[in-house]
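Participant: following is a predicted model, sequence given first.
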Amino acid sequence: MSRLRARTWQRRPVSLTPLIDIIFLLLLFFMLSSTFTRFAELPLQNAGGGAGAGATPLFLQLGPETVTLNGEAMALDTLPAALAPLEAEAEGADGVLLVTLSGEVTSQRLVDLLVALRAAPWLTVSVLG
């Protein structure tokens, strides 16, 4: 008769090499799939404090489909050209532009306006709530 031997289990040492490889691959994946750059920075100011003495503020009303500068309707892409003659009237002083929102204006529409106003660095833009 054959004898049955009881098998004794020996614990094998765990190799950490595959675990380190997996962690490295995950780290590489997350580094390549994320972005570290800012797309755009828009400086915003509260509508507080008074304008300088003698500075006449400009009024811009932003609607979902319309832009009105001092009562004149215009397209958003023509706004920098409409502001150019007003810079000469400011005579080197900083101008104040008060922006009001009318209707259901989306945040993207407001960002588009603020990006268009970058063409006029002489303006201090205040968004009224």
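Facilitator: Right, received. Where do you want to start?
Participant: CA only for contacts and neighbour counts going forward, please
Facilitator: Will do.
Participant: lowest average confidence, helix or strand, in the chain?
Facilitator: In the chain, the helix or strand scored least confidently by mean pLDDT, DSSP states H and E is helix 79-90, which has a mean of 81.
Participant: leaving out the residues flanking it, which one is nearest to Met74?
Facilitator: Spatial nearest neighbour of Met74, excluding adjacent residues (C-alpha to C-alpha, 6 or more residues apart in numbering): Val67 at 5.6 Å.
Participant: identify the bridge partners of the one you found.
Facilitator: Assessed by DSSP bridges, Val67 has beta-bridge partners Leu62, Met74.
Participant: what secondary structure does Ala6 sit in?
Facilitator: On the three-state scheme (DSSP: H, G, I helix; E, B strand; the rest coil), Ala6 is labelled coil.
Participant: pLDDT value on it, please?
Facilitator: Listed pLDDT for Ala6 reads 71.
Participant: what number of residues lie near it?
Facilitator: Using other C-alpha atoms under 10 Å, the number of residues around Ala6 comes to 6.
Participant: same check, this time on the one 4 residues further on
Facilitator: A count of nearby residues for Gln10, using other C-alpha under 10 Å, gives 6.
Participant: again, but for the one 10 residues further on
Facilitator: Ile20 has 11 neighbours, counted by other C-alpha under 10 Å.
Participant: and what of Leu123?
Facilitator: Counted with other C-alpha under 10 Å, Leu123 comes out at 20.
Participant: so which elements touch the longest strand anywhere in the chain?
Facilitator: Under DSSP state E, the strand in the chain containing the largest number of residues is strand 95-101. Counting contacts by 3 or more C-alpha pairs under 8 Å, 6 or more residues apart in numbering; DSSP states H and E, strand 95-101 is packed against strand 58-62, strand 123-127.
Participant: lowest-confidence stretch among those?
Facilitator: strand 123-127 has the lowest average pLDDT among the helices and strands packed on strand 95-101, namely a mean of 87.
Participant: may I see the buried residues of the least confident helix or strand of the chain?
Facilitator: 79, 83, 87 (16 or more other C-alpha atoms under 10 Å).
Participant: of these, which is the nearest to Ile22?
Facilitator: Taking C-alpha to C-alpha as the measure, Ile22 sits nearest to Leu79 out of the buried residues of helix 79-90, at 53.5 Å.
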